[in-house]
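K.L.:
Turn this into a structure:
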Amino acid sequence: MATSAHAYVRGNTLKFYEWLDSAGTTLPEGPSIWICGDCHVGNLGPIANARGKAKIQVRDFDQTVIGNPAHDLVRLALSLSMAARSSDLPGVVTARMVEQIAEGYESAFDPADELQEHTRPDAVQVALKSAQQRTWRHLAEERTQGKTVAIPLGKRFWPVSGKERKAIRELFDDEVVSALVARLKNRDSDAKVQFLDVAYWMKGCSSLGNLRYAVLLDVGGQASTGQDICLIDVKEAIKAAAPRAASAGQPRDNGLRVMDGAQRMSPNLGGRMAAAHVLGRAVVLRELLPQDLKLEFERVDQREAMRAARFLAHVVGRAHARQMNEAERQRWRTELGRGRRSSLDAPAWLWNSTVDLIALHERAYLDHCRRYAMETLAVGDVEALLN
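P.N.:
Here you go, the predicted model:
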């Protein structure tokens, strides 16, 4: 999180909702639908369906709730704006990006408005092409260093206790879980699912303190013969920080909540998930497919920034629009335009929210870096004294 301001924004969802709760900013109130809840650039990318066909969709639903779609739009605007600032782009580019975000999002509510292939930003084109060319061998090399019979322990994969291993074994005895594994990639529905290995997966700082496992399975004897790999991500479904609508009838079980949100917003991903419990805690399971990638916008030029803003906002808009009827879509489009100025096409509420959040996160990022530097210095001082 100390590597850049953009990385800090990606890793600090709570800061966003603290602002939302305390700033008193008036956002338009959209229809109560499933939202991502953490709609930053890294949470969009190519997602494969059960047959391996990839589309750009939302790819993370830890924070999903039935809530206000405006929250996703503001979070995306913040993420893209910070990516632009990390790329040393001038402030006028940020202003134009927010315009493109508003236009791209609103266009998603017009069924006749489809983004054409040539409008995709380069990062999206590259990611889609790469996704369609990838095979399970790429996944094995990235996730398990090419080994398909055991997970190599080290920096990313840590050993589990006997109690954890037993609980994971029992999890894959469940018929629902076995059916999820068998139906992907046109596997035989009656294929035998054999447990091979499990490790705690240190995926990032958000994993610590929560359940997160990489599970290696052999489906129909394919992994042991080098023909296929089945790597399952078992992730604890934590309580969402995103506020839900007061009248929302969403599941109380966090695993079911995450799965429901994914099914509504990203059919490719939602169709590949299952909710369960491990050691009394709610988890979500999904098989990792080679085509699943995250988008990278670490360094962008002005042209790429404009195209990315419009395209990704359109993707999020589509995920929202498919949950609304025609009357709701029309009302929401009208509400989105509230507060437009002739000098700036983006609605005032979106622009002002983005500016406030940039200022808040810039300061919080620098405070974070200062603490990080002080802690690093303290460790270095101790080591110097010991030596």
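
K.L.:
Near Ile151, how many other residues are there?
P.N.:
25 (other C-beta atoms under 10 Å). (Each C-beta comes from the backbone N, C-alpha and C, glycine too.)

K.L.:
Quick one: classify it as helix, strand or coil.
P.N.:
Here Ile151 is coil, with the state taken from DSSP: H, G, I helix; E, B strand; the rest coil.

K.L.:
mind listing what it touches?
P.N.:
Neighbouring residues of Ile151 by C-beta atoms under 8 Å, 6 or more residues apart in numbering: Thr144, Phe157, Asp197, Val198, Ala199, Ala214, Leu216.

K.L.:
again, 6 Å this time
P.N.:
Ile151 sits next to Thr144, Phe157, Asp197, Ala199, Ala214, Leu216 when contact means C-beta atoms under 6 Å, 6 or more residues apart in numbering.

K.L.:
Backbone torsions only: list them for the fourth one.
P.N.:
Here the main-chain torsion angles of Ala199 (degrees, to the nearest 10) amount to phi -150, psi 150.

K.L.:
Correct me if wrong: Gly11 contacts Met1.
P.N.:
Yes. Using C-beta atoms under 6 Å, Gly11 is in contact with Met1, at 4.4 Å.

K.L.:
State which helix of the protein is the longest.
P.N.:
Counting residues, the longest helix found in the chain (DSSP state H) is helix 348-386.

K.L.:
List the buried residues of it.
P.N.:
349-351, 353-355, 357-358, 360-361, 364-365, 368-369 (16 or more other C-beta atoms under 10 Å).

K.L.:
Could you check how many residues crowd around Asp260?
P.N.:
For Asp260, using other C-beta under 10 Å, the count is 20.

K.L.:
Not counting sequence-adjacent ones, nearest residue to it?
P.N.:
Spatial nearest neighbour of Asp260, excluding adjacent residues (C-beta to C-beta, 6 or more residues apart in numbering): Pro251 at 6.1 Å.

K.L.:
same thing with Ser353?
P.N.:
Per C-beta to C-beta, 6+ apart, closest to Ser353 is Val74, 4.9 Å.

K.L.:
Specify the beta-bridge partners of the residue nearest to Arg264 when sequence neighbours are not counted.
P.N.:
In this structure, Arg264 finds its nearest non-sequential neighbour in Trp34, 4.2 Å apart by C-beta to C-beta, 6+ apart. Beta-bridge partners of Trp34, counted by DSSP bridges, are Ile66.

K.L.:
I'd like to know how many residues surround Trp34.
P.N.:
Applying other C-beta under 10 Å, we find 25 residues neighbouring Trp34.

K.L.:
show me what contacts it?
P.N.:
Contacts of Trp34 by C-beta under 6 Å, 6+ apart are Ile66, Gly261, Arg264, Met265.

K.L.:
Could you list which of these belong to helices?
P.N.:
Among these, DSSP H puts Gly261, Arg264, Met265 in helices.

K.L.:
The first one touches Phe61, doesn't it?
P.N.:
In other words, Gly261. Yes. Taking C-beta under 6 Å as the definition, Gly261 is a contact partner of Phe61 at 4.6 Å.

K.L.:
Check which residues of stretch 237-254 are buried.
P.N.:
Across stretch 237-254, burial judged by 16+ other C-beta under 10 Å covers Ala237, Ile238, Ala240, Ala241, Ala242, Arg244, Ala245, Gln250, Asn254.

K.L.:
got the end-to-end distance for it?
P.N.:
Using C-alpha to C-alpha, to the nearest Å, the end-to-end distance of stretch 237-254 comes to 5 Å.

K.L.:
for the record, mean pLDDT for that stretch?
P.N.:
Mean per-residue pLDDT for stretch 237-254: 89.

K.L.:
Check stretch 352-359 too.
P.N.:
When pLDDT is averaged over stretch 352-359, the result is 90.

K.L.:
Stretch 194-214 too?
P.N.:
84.

K.L.:
Only C-alpha atoms, please: export that stretch in PDB.
P.N.:
In PDB, the C-alpha atoms belonging to stretch 194-214 read as follows (Å, rounded to 0.1, in the frame of the first residue of the first chain):
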ATOM      1  CA  GLN A 194      -9.800 -36.400  -5.200                       C
ATOM      2  CA  PHE A 195      -8.300 -34.100  -2.600                       C
ATOM      3  CA  LEU A 196      -4.500 -33.600  -3.200                       C
ATOM      4  CA  ASP A 197      -3.300 -30.700  -1.000                       C
ATOM      5  CA  VAL A 198      -4.200 -27.600   0.800                       C
ATOM      6  CA  ALA A 199      -2.300 -24.500   2.000                       C
ATOM      7  CA  TYR A 200      -3.100 -21.200   3.600                       C
ATOM      8  CA  TRP A 201      -2.900 -18.600   0.900                       C
ATOM      9  CA  MET A 202      -1.300 -15.300   1.900                       C
ATOM     10  CA  LYS A 203      -2.900 -13.500  -1.000                       C
ATOM     11  CA  GLY A 204      -2.400 -10.000   0.500                       C
ATOM     12  CA  CYS A 205      -2.800  -8.100   3.800                       C
ATOM     13  CA  SER A 206      -6.500  -8.600   3.700                       C
ATOM     14  CA  SER A 207      -6.000 -12.300   4.000                       C
ATOM     15  CA  LEU A 208      -4.400 -12.100   7.500                       C
ATOM     16  CA  GLY A 209      -6.800 -13.000  10.300                       C
ATOM     17  CA  ASN A 210      -9.300 -14.600   7.900                       C
ATOM     18  CA  LEU A 211      -9.600 -18.000   6.300                       C
ATOM     19  CA  ARG A 212      -8.000 -18.100   2.900                       C
ATOM     20  CA  TYR A 213      -6.900 -21.500   1.400                       C
ATOM     21  CA  ALA A 214      -5.600 -22.800  -1.900                       C
END
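
K.L.:
Check the offset of it from the chain's centre.
P.N.:
17 Å (C-alpha atoms, centre = their mean, to the nearest Å).

K.L.:
Show residues contacting that stretch.
P.N.:
For stretch 194-214, the external contacting residues (C-beta under 6 Å, 6+ apart) are 150-151, 156-158, 160, 165, 168-169, 172, 215-216, 218, 234-236, 278, 281, 283.
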